[in-house]
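A.B. asks: the sequence and its predicted three-dimensional model are supplied below.
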Amino acid sequence: MGDFDIHQWQSKHLRESREVREITSGTFQRLDGMVHRGLLKEFLEAFDEIHSDLILTGEEFPAIDLIEFLSQEMQRYAEDTGMDRE
């Protein structure tokens, strides 16, 4: 795994996800300013490692499928641990 540049990744994906950014721009901007960059980098590197591990086992799922799976797992975790309280 090479060096990961969080700012380069964000710039690329912000340009590619204009529709999502428009829908959630206020929340996105707040989170973008508040999330610890080091932790975000670790999170994204773990995502890359999980994806690479799947490829090594012969399962080449599209990244979006893994994103959707992990999103559901994170939601379930948030509910199970009480993180998802309003």
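C.D. replies: On my side now, so go ahead.
A.B. asks: from now on I want contacts and neighbour counts done on CA atoms only, so please keep to that.
C.D. replies: Fine.
A.B. asks: any idea how many residues pack against residue 41?
C.D. replies: Look at residue 41: counted by other C-alpha atoms under 10 Å, it has 16 neighbours.
A.B. asks: shaky segments in this structure?
C.D. replies: 1-3, 6-24, 86 (pLDDT under 70).
A.B. asks: please report phi then psi for the spatially most central residue of the chain.
C.D. replies: Nearest to the mean C-alpha position of the chain, by C-alpha atoms, centre = their mean, lies residue 44 at 6.0 Å. Backbone torsions of residue 44, given as degrees, to the nearest 10, read phi -70, psi -30.
A.B. asks: okay, it and residue 38: tell me how far apart.
C.D. replies: Residue 44 sits at a distance of 10 Å from residue 38 (criterion: C-alpha to C-alpha, to the nearest Å).
A.B. asks: can you check residue 59 too?
C.D. replies: As judged by C-alpha to C-alpha, residue 59 and residue 38 stand 29 Å apart.
A.B. asks: name the SS class of the residue located most distally from the centre of the chain, please.
C.D. replies: Within the chain, residue 58 marks the point farthest from the mean C-alpha position, 22.7 Å out by C-alpha atoms, centre = their mean. Of the three states, residue 58 takes coil under DSSP: H, G, I helix; E, B strand; the rest coil.
A.B. asks: go on, the one 3 residues further on?
C.D. replies: Secondary structure state of residue 61, per three-state DSSP, is coil.
A.B. asks: how close does it get to residue 85?
C.D. replies: Distance from residue 61 to residue 85, by C-alpha to C-alpha: 32 Å.
A.B. asks: now residue 44
C.D. replies: Separation of residue 44 from residue 85 (C-alpha to C-alpha): 25 Å.
A.B. asks: ok, residue 55 next?
C.D. replies: 36 Å.
A.B. asks: who has more neighbours out of these two?
C.D. replies: Neighbour count, other C-alpha under 10 Å: between residue 55 and residue 85, residue 55 has more, with 12 against 7.
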